[in-house]
Every structure is written in structure tokens, then in C-alpha cells.
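Engineer: A predicted structure for the sequence below; I have some questions about it.
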Amino acid sequence: MSLREYEHKRRRSRTPEPFGGAREDDERLRFVVQRHAARRFHYDFRLERDGALASWAVPKGIPLRRGERHLAVHVEDHPLEYADFEGTIPAGEYGAGTVEIWDRGTYDLLEEKRNGGLTVRLHGERLDGVWTLVPAHLDGDPKNWLLLRKEGDGSTPTTTYSPMLSTASESLPPGAGWVYEPKWDGFRALVTVSGGEVALTSRNGNDLTERFASVGHAARRAIRSADTVLDGEICALDPQGRSRFGLLQEGTGTLVLVLFDVLEIDSEPVLALPLSERRRRLEAIVDAAIGGVAVSPQFEDGDALLAAAREQGLEGVVAKRSDSRYQPGRRGPDWRKLKVRGRQEVVVAGYTHG
Ligand code: MN
């Protein structure tokens, strides 16, 4: 393993990235997956090998479903210290953009083929299982490998969800254990990220992906999971930051995806978790610094939000039981909507232009 190519591509004085050296005395082999918001968005998959990190750039993220395979472009070895690197590589430098650690841990080498192919068992926080790297020479290029999730018993089927619905209510629910959100005045949308590709689906199952392509692009950058299902609303803002349904229909206004729930993370369903925990996980996977995507604000004081809604002309308030599970397609008592007016202008509370 040589770091010559790595060092050649980078300027020590300009980039915060590490430049090799020390080997820690830990005999367990390390792996890391970094989310790299470079000009070409990708994930970097790195395995400790012979004192350096063998590295592959994976545009669609690590395949999570059994039998799934993604292109993995073999790139130069990186120093071991890179496994701890997070930060921003300045504009103009090689790989300019933000690097975040998406997962890390240790791995066991299960098999090494003579052609270079590797089978590894990863022990990470998100990744736990067996993956294989195949030097597949896709399009005749020796750099183009395949990363595949090994077959196993019970492959994960892709589930199609419908959004959970709320029951109309005349007053705020009494008692504790409720949280309150503004009622958004746009298009309800389920956001499905699969292999890093984003699809937007309306409440009735219509595909909104092409119509709101810019929203999909923003979501791809903002969401820190290559395989996830989220619930939210596509809103159009006027110059004052008010969400207006009319602007959506006209195709004008600034589009914002306001997210308020999560159904799956890294292909694992989280519907059975209480709303408070889903909400915590939602906030953790959305990069609030990326424009065009926001997490809906949530309030504990329903009376105050209702008063603000009346004052500011919000469409209404949605009350949600904080221990409720997500029930796709159900209109149950756990989510309740209180309308304070008909559909027109809405101030997007908590959202500021980035
Ligand atoms: Mn990279």
C-alpha cells in the first residue's frame, strides 16, 4: 500500500484532511463509511488493509438489501487517520465539499480472492452483516468494482406506504402527552430514498418526483441515509416566507420540503417506535444546513401554537400523541387536525432562507 497518489492529489497547507503516519496498536481491522457531499455526491467505503485504508467511492451508498449491488469506484489508498476525518474540504481543493462519518466499526476478512475480491463481515453501528467487493471491471474499467450485500435468509421486500392521516377536531385534545405542529398547506408527500435515489409520492400514490425535481435534489443532499422513507409536505413559499398552496399550483415560489416523520431508516422500519423517538431520529438524519429541506417545528404548548396560527393566518394545527406509532393510511385518534381557516397563505414558522 502506498499513499503517494493520496499525497500527490492534496496540499497539506490547504486541506484539513490528515496525512498518515502512526499506526495504533489495535489488532482489529477498522472500516469507515463517509458521506461526501462533493461536486459528485457519493459515499466513501474504506477498509483498513496493510496499514492504510483501501477505498472505494460508492455513488448510491452501501447496498442494504440482501442481493443488492452498487457500483464502487476503486480510488487511491487513504491514511489510517482518515477513518476519523470529518470536515469541509475547501472549494478549489481536491474533493471539495463536506465529509461526515456515516458509519464506522471493525470488520473480519472472511475471504480474499486471487483476483482481489474481498468478502467482509462489518461490525458497525448501522452496518452489521456480510458484504462482498468484486473487481467487476464494469465498462472495461478496472476501477469499476461492485459492492454487494450478500444473499441471506429472508430478503427484505420493498414496502409501499400510505401516509398516516389525522382526524378533524373542534378543539385541542385535553391532557398531557401531546405535541403540536403547524398544519402545512402544500402537497403531502412520502419521500422514499433508495440506493441514494429520491422518489416523491403523493397521498394518492401519484409520482411527484419529476414535477418537484429540485425538491428531490435537495433531499438527496440533506438526508443522511441512502435508504429511508420519510413523511412530509412540499410547500411553496412567497418572498415573505409564507407557504401558499396557490404558488404550488402555479409552479412558482420557493419550494421547501418540510419533513415531520420517518418510517424507515437504512431499510429498517421504525413505525413501531413512539413518535418522540422517530422525531429524534428524523432530526439526526436531516442536515438542516442544506437549503430546500426543513424539519417541521414542534411545540409542546398547543394553546400558544393555536393562538399563533390564528394571529398569523396559519391553516391550522395538528396535535399528535407523542407516544403514538406510525399507522400508514390510517385516520385514527392519535393525530388530530384543527383548522383555523381555509386554504390560502401560511407563514412557515421556524423556516428561514438558508
Ligand atoms: Mn470521497
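Structural biologist: Alright, I've got the coordinates.

Engineer: Name all residues that make contact with residue 209.
Structural biologist: Shown in contact with residue 209 (CB atoms under 8 Å, 6 or more residues apart in numbering): 198-200, 216. Placement of C-beta: from N, CA and C, glycine included.

Engineer: change it to 6 Å
Structural biologist: By CB atoms under 6 Å, 6 or more residues apart in numbering, the contact set of residue 209 is 199-200, 216.

Engineer: got it, and residue 72?
Structural biologist: Residue 72 sits next to 56, 58, 145, 147 when contact means CB under 6 Å, 6+ apart.

Engineer: biggest strand in this structure by residues?
Structural biologist: Across the chain, the strand with the greatest residue count (assigned by DSSP state E) is strand 97-112.

Engineer: Please pull up the helix or strand immediately following that one.
Structural biologist: Of the helices and strands lying after strand 97-112 in sequence (DSSP states H and E), the nearest is strand 118-124.

Engineer: helices or strands up against that next one?
Structural biologist: If you count contacts as 3 or more CB pairs under 6 Å, 6 or more residues apart in numbering; DSSP states H and E, strand 118-124 packs onto strand 97-112, strand 128-134.

Engineer: domain ranges for this protein?
Structural biologist: 4-151, 165-353 (automatic domain parsing).

Engineer: Tell me which of those domains approaches residue 159 most closely.
Structural biologist: For residue 159, the closest of those is domain 165-353, at 7.4 Å, according to CB to CB.

Engineer: which residues touch residue 223?
Structural biologist: By CB under 6 Å, 6+ apart, the contact list for residue 223 reads 193, 285.

Engineer: Tell me which strands the helix or strand containing residue 261 pairs with, and in which orientation.
Structural biologist: Element membership for residue 261, per DSSP H and E: strand 254-265. In the sheet, strand 254-265 lines up against strand 228-237 (antiparallel), strand 268-269 (antiparallel), strand 293-295 (parallel) (DSSP bridges).

Engineer: Can you name the next helix or strand after the first one?
Structural biologist: Proceeding C-terminally, strand 228-237 gives way to strand 242-244 as the next helix or strand, assigned by DSSP H and E.

Engineer: What lies in contact with the following helix or strand past that following strand?
Structural biologist: For strand 242-244, the succeeding helix or strand toward the C-terminus, using DSSP H and E, is helix 245-250. By CB under 6 Å, 6+ apart, the residues outside helix 245-250 that reach it are 185-186, 236, 253, 343.

Engineer: please redo it, this time with the cut-off set to 8 Å
Structural biologist: Helix 245-250 is contacted by residues 185-187, 234-238, 253, 343-344 when judged by CB under 8 Å, 6+ apart.

Engineer: quick one: the helices in this structure?
Structural biologist: For the chain, the helices defined by DSSP state H cover 4-9, 213-222, 245-250, 275-285, 302-312.

Engineer: Tell me which residues are up against the fourth one.
Structural biologist: The set of residues external to helix 275-285 that reach it, using CB under 8 Å, 6+ apart, is 179, 223-225, 228, 230, 259-262, 265, 270, 273, 295, 298, 320-326.

Engineer: separation between the residue of the chain positioned farthest from its centre and residue 135?
Structural biologist: The C-alpha centroid of the chain is most remote from residue 114, which lies 36.4 Å away (CA atoms, centre = their mean). Residue 114 sits 11 Å away from residue 135, going by CB to CB, to the nearest Å.

Engineer: cool, residue 324 as well?
Structural biologist: Applying CB to CB to residue 324 and residue 135 gives a distance of 49 Å.

Engineer: repeat for residue 72
Structural biologist: Taken as CB to CB, the span from residue 72 to residue 135 is 10 Å.

Engineer: One more: residue 328?
Structural biologist: 41 Å.

Engineer: Out of the helices and strands packed on strand 118-124, which is the most enclosed?
Structural biologist: strand 128-134 (a mean of 18; mean count of other CB atoms under 10 Å).

Engineer: Check which strands are paired with that strand and give the direction for each one.
Structural biologist: Strand 128-134 is paired, per DSSP bridges, with strand 118-124 (antiparallel), strand 144-149 (antiparallel).

Engineer: among the ones you listed, which is nearest the ion?
Structural biologist: strand 144-149 (14.5 Å; CB to the ion).

Engineer: Thanks again, I'm all set now.
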